[in-house]
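A.B. asks: Pasting the sequence and the predicted model now:
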Amino acid sequence: MAAAVYAQRCCRRRADLPHVNRRIAPLCALASTHQADLDRHESEHARVNRLAELNVLEQVRRLRDTSIVRDSSPAPLVHGWIFSLDDGRIKVLASGYPGEEPATSDNTSVAQPETLRGTA
């Protein structure tokens, strides 16, 4: 129930902000689709973080489904990463390599930002 309330609250439409309404509509739909997943998180902060992760995974899925990516030879690797403001780490949500499952809230791969920048 918490995610439904959160989705309703964050996705309120304002007549004076039609451009904002249009931009957040996909995020609102994503929150509604993954309501059960979001409800598993106790705090609003955790639900917001999970919704951001789900948004990255959805963007990766959509990009991989485009004809330019799908029909390329060799197909490019599409990665899904998210930066955590809490601890300054980059979480790898989708590796881009075939056969590797996207990360869930319980199965994540976290790398130090220095490692990812190549300055380790």
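C.D. replies: Okay, I see it. Numbers count the residues shown, from 1 in each chain.
A.B. asks: so where is this protein shaky, pLDDT-wise?
C.D. replies: Filtered on pLDDT under 70, the chain yields the residue ranges 1-13, 100-120.
A.B. asks: Just give me the longest helix of this protein.
C.D. replies: Secondary structure of the chain per DSSP state H: the longest helix is helix 44-64.
A.B. asks: counting contacts, what elements does that one pack onto?
C.D. replies: Using 3 or more C-beta pairs under 8 Å, 6 or more residues apart in numbering; DSSP states H and E, the elements in contact with helix 44-64 are helix 2-10, helix 18-33, helix 35-39, strand 80-83, strand 90-94. (Each C-beta comes from the backbone N, C-alpha and C, glycine too.)
A.B. asks: Please work out the angle formed by the directions of it and strand 90-94.
C.D. replies: 50 degrees (axes from the mean of the first three to the mean of the last three C-alpha atoms, to 10 degrees).
A.B. asks: ok so, going back, point out the most buried one among the helices and strands packed on helix 44-64.
C.D. replies: Among the helices and strands packed on helix 44-64, strand 90-94 has the highest mean neighbour count (mean count of other C-beta atoms under 10 Å), at a mean of 19.
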